[in-house]
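Student: build me a model from this:
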Amino acid sequence: MGSGRELTKSTLLRLIGSAALSAAFSVSAGGASLADISGTPRVVDGDTIVIGEERIRLYGIDAPEQRQSCLEDDLEWACGEEATATLRNMVAGRVVDCRGSDRDRYGRLIAVCFTAGRNLNEDMVREGWALAYRKYSTDYLRAEGDAERNFRGIWRGDFVRPWEWRRKNRR
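Tutor: This is a model prediction of the structure:
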């Protein structure tokens with residue numbers, strides 16, 4: 001009789017474990033966060049930060065590359081460096097909360113990040129230091145239109161879209 005009871009406990013534990021795994025997989029398949037991470041970030045460039053050991057690519061945006069230049073009144077300026085500096089200023093001394101949804105081919109967590117209740121991804125686009133990355137998202141098109149209409153950031157002059165610049169300037 002004792003072994004039947006143990007078998008029942010064992011079977012019950014396996015069923016509970018299977019149900020828990022199934023629930024976890026169905027939540028992740030349904031678009032819930034892959035990973036949530038918070039901390040004070042180190043800024044890599046205008047669309048990439050690092051929190052702890054986690055490298056994070058800001059979802060749905062594409063900022064000028066570090067080496068990328070733009071034109072304003074026919075004068076070249078380091079818009080990639082300025083985009084990086086802008087993101088650095090936005091997060092300076094602040095805790096950033098990121099909600100990751102996927103990983104890119106480089107293993108970076110793709111995430112929407114917030115600080116002080118503000119969406120950093122959207123703010124970078126609205127301030128004109130990143131473009132809505134249409135290949136992956138249309139979430140920030142309105143913010144991009146606002147930046148363009150108001151000549152903010154890179155919209156104050158001429159520029160090559162970051163994805164086109166990378167294609168033309170592969171090392």
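Student: three-state assignment of residue 145?
Tutor: helix (DSSP: H, G, I helix; E, B strand; the rest coil).
Student: please report how far it lies from residue 65.
Tutor: 23 Å (CB to CB, to the nearest Å). (Glycine included, C-beta is placed from N, CA and C.)
Student: so which of those two has more stuff around it?
Tutor: The neighbour count for residue 145 versus residue 65, taken as other CB atoms under 10 Å, is higher for residue 65 (21 against 13).
Student: list the contacts for the more buried one?
Tutor: Residue 65 sits next to 45, 80, 162, 165-166, 169 when contact means CB atoms under 8 Å, 6 or more residues apart in numbering.
Student: what do you get if the cut-off is 10 Å, keeping everything else the same?
Tutor: Applying CB atoms under 10 Å, 6 or more residues apart in numbering to residue 65 gives the contacts 45-47, 79-81, 83-84, 160, 162-163, 165-166, 169.
Student: just residue 50 next, same as before
Tutor: 39, 41-44, 56, 108.
Student: out of the residues you listed, which comes closest to residue 95?
Tutor: residue 39 (6.5 Å; CB to CB).
Student: that'll do, ta.
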